[in-house]
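>>> Here's a sequence, model it:
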Amino acid sequence: MFQNKFSGDLLMILFYMYKPKKYKMRTNQKIKKSLLLCIIALTAMACPSDDDSGVLSQDQFVDTWKYFKYLENGVEVQLEACEDDDLITVDANGTLTIEFFQEINGECVSEGIENGTWSNEGNGNYLLELNGEAVTSPIVFESNTFYTEFVDDNGTPDDTSDDIVERDVYIRQ
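Numbers count the residues shown, from 1 in each chain. The predicted model follows:
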């Protein structure tokens, strides 16, 4: 009898070709299921884990932000010249810099850089310290922007009808 290293494979192929159709279908289904399970297993192994394993994720506040717009009671107010050049740079090490710009003779000129610190206090609240003053403020992130709000009660705390809600919006650079 003719024997070589491929005889077992040849026999298997011939058996598969001539076996009853019902058996072929079951075998095809088993192969498809096995392939599907292999693909799922490989995909699961290739996906990054949701477990941080002790690695801290970066706070979404960390980046460079440009002043984008200002709203009063939901109505956008046109920014003064060069205000939209103001930058906040927030570093992962807890420091931040703010650079304000003003218009001088038709050009936007830096008024200087102020340095400070920040920390995430949780629940959307951030502690910002600048020039010896500390303020805890809620910061709301939406897509590639964040905003802060301040309610100016116009000196009448018992009457909210004349309150002005001021919103400063910054956009990620």
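>>> Test for you: state the pLDDT assigned to the residue nearest to residue 79 when sequence neighbours are not counted.
Distance criterion C-beta to C-beta, 6 or more residues apart in numbering; nearest residue to residue 79, sequence neighbours excluded, is residue 70 at 6.1 Å. Backbone N, C-alpha and C define where each C-beta goes, glycine included. Residue 70 carries a pLDDT value of 97.
>>> now swap in residue 55 and tell me
At residue 55, pLDDT is 58.
>>> what do you get for residue 171?
pLDDT, residue 171: 98.
>>> how many neighbours does it have?
Neighbours of residue 171 under the rule other C-beta atoms under 10 Å: 14.
>>> cool, residue 123 as well?
Per other C-beta under 10 Å, the neighbour tally for residue 123 reads 6.
>>> same deal with the one 5 residues further on?
Taking other C-beta under 10 Å as the criterion, the count of residues near residue 128 is 20.
>>> quick revisit: what separation do you get for the residue nearest to residue 79 and residue 116?
According to C-beta to C-beta, to the nearest Å, residue 70 stands 21 Å off from residue 116.
>>> same thing with residue 93?
Residue 93 is 12 Å from residue 116, by C-beta to C-beta.
>>> Neighbour count: those two, which is higher?
Using other C-beta under 10 Å as the criterion, residue 93 and residue 116 rank with residue 116 on top: 18 against 8.
>>> beta partners of that one?
Going by DSSP bridges, residue 116 is paired in beta bridges with residue 96, residue 130.
>>> Contacts only, for the residue nearest to residue 124 when sequence neighbours are not counted.
Once flanking residues are discounted, residue 124 sits nearest to residue 138: 5.0 Å by C-beta to C-beta, 6+ apart. Shown in contact with residue 138 (C-beta atoms under 8 Å, 6 or more residues apart in numbering): 124-126, 148-149.
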